[in-house]
Each structure stands twice: as structure tokens, then as C-alpha cells.
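Peer 1: turn this into a structure:
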Amino acid sequence: MPQLRADVYGDKASYDRATAHLDAPLAVVDLRAFDANAADLVRRAKGKPIRVASKSVRCRALLERVLARDGFAGIMSFTLAESLWLARSGFEDVLLAYPSADRAGFAGLTADPKLAAAVTVMVDDPAQLDLIDAARPAGCGGEEVRVCLELDTSYRLLGGKVRFGARRSPLREPAQLAALARTVVRRPGFRLVGLMAYEGHVAGVGDEVDGKPVFSRTVRMMQAAARRELAQRRWEAVRAVRAVAPRLEFVNGGGTGSVQHTAAEAAVTEVAAGSGLYVPRLFDNFRSFSGRPAALFAQPVVRRPGPGVVTVLGGGYPASGVAGADRLPVPYLPAGLCYDPQEGPGEVQTPLLGAAADGLAIGDKVWFRHAKAGELCERFDALQLIDGDRVVDTVPTYRGEGRTFL
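Peer 2: Numbers count the residues shown, from 1 in each chain. Here you go, the predicted model:
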């Protein structure tokens, strides 16, 4: 099981003191770590604004906290329903990062001037424009819809037989984006305002994996080549789209793991990041930066089956993506605990092995880190905000506000 270096371990004693009055299971955010991570993202962005990826936060109070800092501007949302909810809650710049087929949501968007001014939707196919038009209120054209186009960023070799990167937009070449841009600007009821390109194979793949030097070098070589190829293609795509829509408001790119690289591109006007605020375990393996784990969850010890073993309640919270050990939460504090290989993290109980188990009593807390960032908030309805050894606030997650968007 990968472990963080000892010099970035959090302080179990402080977390235990802060939450001594609370029973586990519970989730916390260490505000000192959260703020330090935010400051580091701003440093890496080198003056370009950071749009916060809400899927990696999923808590309105923390979205407000980070957006109040210099260097952050706007939200990148993950569903249309979430986008409209955030806009109704007072967030004025929400970019929906994925196309939607939410007809009721589009009806609401096109019927409300405030929502239409605050929300930008993602489009990569004329059929998506048709769906929006079909949802408009009967008898009127409705409000003008702000549109962003997405560029496919995947790195391809051997004529496309080898691909690195997610399967997202079908728009890969500058001419394809320009063609759809012309469709948008000629079509009543739509306004083209942005271009987005998310390079997940660079931003979300660690390049310094402990114990895997050959793999890590291979990843770094792939990412360096992918960045060069994408920088050129993105610049050409932006030029092609601006020739159609000269008043393009923004060009968004990046992600937590590639902030400094993407921000260096002249064609990019803003970068996106979210996971870098919580720093889940999938972001331990980057050479270019190291954050402080800020989001943790605690499970209570409920059994002591024998020497070197404790059992905690629940804990089986796998992350999305290709199933594997790297998608599991990891026992974090006390250091030195690991899963029983025959059981792993379970739905209702999780045995943990290691010498540290002998120092734990019934009712003690074991602290875990989730593999991904915001998905932790789908398991808890509240986050305890910790400053030092005190809980200074309790705030609801999306789930705690009754919002389960996916």
C-alpha cells in the first residue's frame, strides 16, 4: 500500500482532540491544509485565474471560501442541475464542463435571465443545440444560451491506434472546432463565449510513483510529448475559433496536476483545479508539487480480533475509474495500518493489520484518505472544519443539502 512520506503526515493527536466530542464515522477538512493548498495552486498558476472544479469539492461553504481568495474565479460544474442550483445560490460564473441532456434544466435555463447570464453550457455536437432549442419555453425563443466548445486533448500515436487520455469531445482538429463555432454563431439564441480543453492524462496521472521508477519515467516521457503536441494544437484551435468568434471570453485548460504547465501557454486564459484543495491519495505521486492532505474521514474501532488487528466500522468507499487498489481509500493515521488482503475495505466492517493496531482501543478513531477528492462528500452529509485542534464550523456537503446530482 503506498504511504506518504513521514514529513507530510498530519497530526492524529490534533484531529482526535478536535473531534473528541464527536462520534465516528465523520469527515473533516483541515482548513490550514486547505488554505495552504489553495495558495500553492495560485503560485503554480502564475497569475492566471483558477476556475474551481466543483465535483472535487461538493460543499458550497468551501466553494465560497476558496472563491473569496485572490487568484480564484468561477466554478466548473458537473451537471446542469448543479449549475442551476449554484447560480440560484448566488454564484455568478458557472461553466458546465460536460454536455447535458437535461431537458427540464434547459427549460429553466432559457426561461430565466439570471440563470442564463450565470451559466455556460458545454457543446461538442449540433444535436446538443437541437436538444436545447426543443426545451425552450413554448411560444418564445427564451434567453440566449452561453456556449463553450470542448477540444479533445488525447495524445495519439500510430495513427490513433495508441491513445493516452479520456474519450471526451469528438472535436479534435482546429477545423472541426471552427465549423461548430460557425454553427453556433449563426444560430439564433446562442452565444459562443469559451473553449475548454482538459488534459486528464497529464493533470490526473502521477509521474513519480513510489517503487515504480521505470513506469514513472515512461509517464514523464509521455506527458512531456503530450504537452508539446497539445500546446501547438490548442493554440491553433483557439486561433481558428477566434477567427469565427473574436469576442471569445475565456480559454480554459489544465487540472490540478498540470496547472503550471497549462498556465504557461499563451493561448490559455484560465486554468481549472479542484482536487488540489483536498489532495486525495491519487495526487501523492506528482514530481512537480506536493500538497497537504486536507480532507479525511474517520471510522471507529469496534473490534479487536487479536494482536496486530483492529476492526473499524464500514469504510468501503471506492472511487470511480478503472477498478483497482488505487481506487480504494487508504488508512492514514495512525501510520502503519493496512488492509487484510483477504477482505479489503468492507461495506460494514474493515479489518486493519499492523503494529499500530495494538495501540488502539475500542472507540478510537482511525483516519483515512479517499482516493479521489469530492467523492468523499457523497458518503457524508457534513464536514467538520478543523483549525489546529478545534472544530470551528460544521458545514453541509451537497448530500447534506439534499443534492445528489449524479
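
Peer 1: can you pull out the strands in the stretch 251-400 of the chain?
Peer 2: For the stretch 251-400 of the chain, the strands defined by DSSP state E, counting those that start in this stretch cover 270-273, 295-306, 309-313, 330-333, 338-339, 349-353, 365-369, 382-387, 390-396.

Peer 1: okay, the ones you listed, which one's buried deepest?
Peer 2: Neighbour counts (mean count of other CB atoms under 10 Å) averaged over each of the strands of the stretch 251-400 of the chain peak at strand 270-273, with a mean of 26. From N, CA and C alone the C-beta is placed, and that goes for glycine too.

Peer 1: and the contacts of that one?
Peer 2: For strand 270-273, contacts defined as CB atoms under 8 Å, 6 or more residues apart in numbering pick out 41, 45, 48-53, 73-74, 76, 97, 198, 250-256, 259, 262-263.

Peer 1: just name the shakiest helix or strand of this protein by mean pLDDT.
Peer 2: Ranking every helix and strand in the chain by mean pLDDT, DSSP states H and E puts helix 200-203 at the bottom, with a mean of 74.

Peer 1: show me how far the helix or strand just after that one is from its chain's centre.
Peer 2: Using DSSP states H and E, the helix or strand that directly follows helix 200-203 along the chain is helix 213-244. Chain-centre distance of helix 213-244: 21 Å, with CA atoms, centre = their mean, to the nearest Å.

Peer 1: repeat that for stretch 274-290.
Peer 2: That offset, for stretch 274-290, works out to 11 Å (CA atoms, centre = their mean).

Peer 1: also stretch 29-39?
Peer 2: With CA atoms, centre = their mean, you get 16 Å for stretch 29-39.

Peer 1: in that stretch, what's buried?
Peer 2: Applying a neighbour-count criterion of 16 or more other CB atoms under 10 Å, one finds 29-31, 33-38 buried in stretch 29-39.

Peer 1: span of stretch 348-364 from start to end?
Peer 2: Criterion CA to CA, to the nearest Å; first-to-last residue distance in stretch 348-364 is 17 Å.

Peer 1: quick check: the residue nearest in space to the middle of the chain vs Ala178, distance?
Peer 2: Residue closest to the mean C-alpha point of the chain, counted by CA atoms, centre = their mean, is Ser56 at 3.3 Å. Counting by CB to CB, to the nearest Å, the gap from Ser56 to Ala178 is 32 Å.

Peer 1: can you check Val193 too?
Peer 2: Noted for Val193: a distance of 16 Å to Ala178, by CB to CB.

Peer 1: just the CA trace of stretch 393-406, in PDB.
Peer 2: Output of stretch 393-406 as PDB, limited to C-alpha atoms (Å, rounded to 0.1, in the frame of the first residue of the first chain):
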ATOM      1  CA  ASP A 393     -17.600  25.000  12.000                       C
ATOM      2  CA  THR A 394     -19.800  22.300  10.700                       C
ATOM      3  CA  VAL A 395     -20.900  22.700   7.100                       C
ATOM      4  CA  PRO A 396     -23.200  20.600   4.900                       C
ATOM      5  CA  THR A 397     -21.900  18.800   1.800                       C
ATOM      6  CA  TYR A 398     -24.100  18.600  -1.300                       C
ATOM      7  CA  ARG A 399     -25.500  15.400   0.100                       C
ATOM      8  CA  GLY A 400     -26.300  17.200   3.400                       C
ATOM      9  CA  GLU A 401     -28.300  19.800   1.400                       C
ATOM     10  CA  GLY A 402     -30.300  17.000  -0.200                       C
ATOM     11  CA  ARG A 403     -28.400  17.400  -3.500                       C
ATOM     12  CA  THR A 404     -27.300  14.200  -5.200                       C
ATOM     13  CA  PHE A 405     -26.700  15.300  -8.800                       C
ATOM     14  CA  LEU A 406     -25.200  12.000 -10.000                       C
END
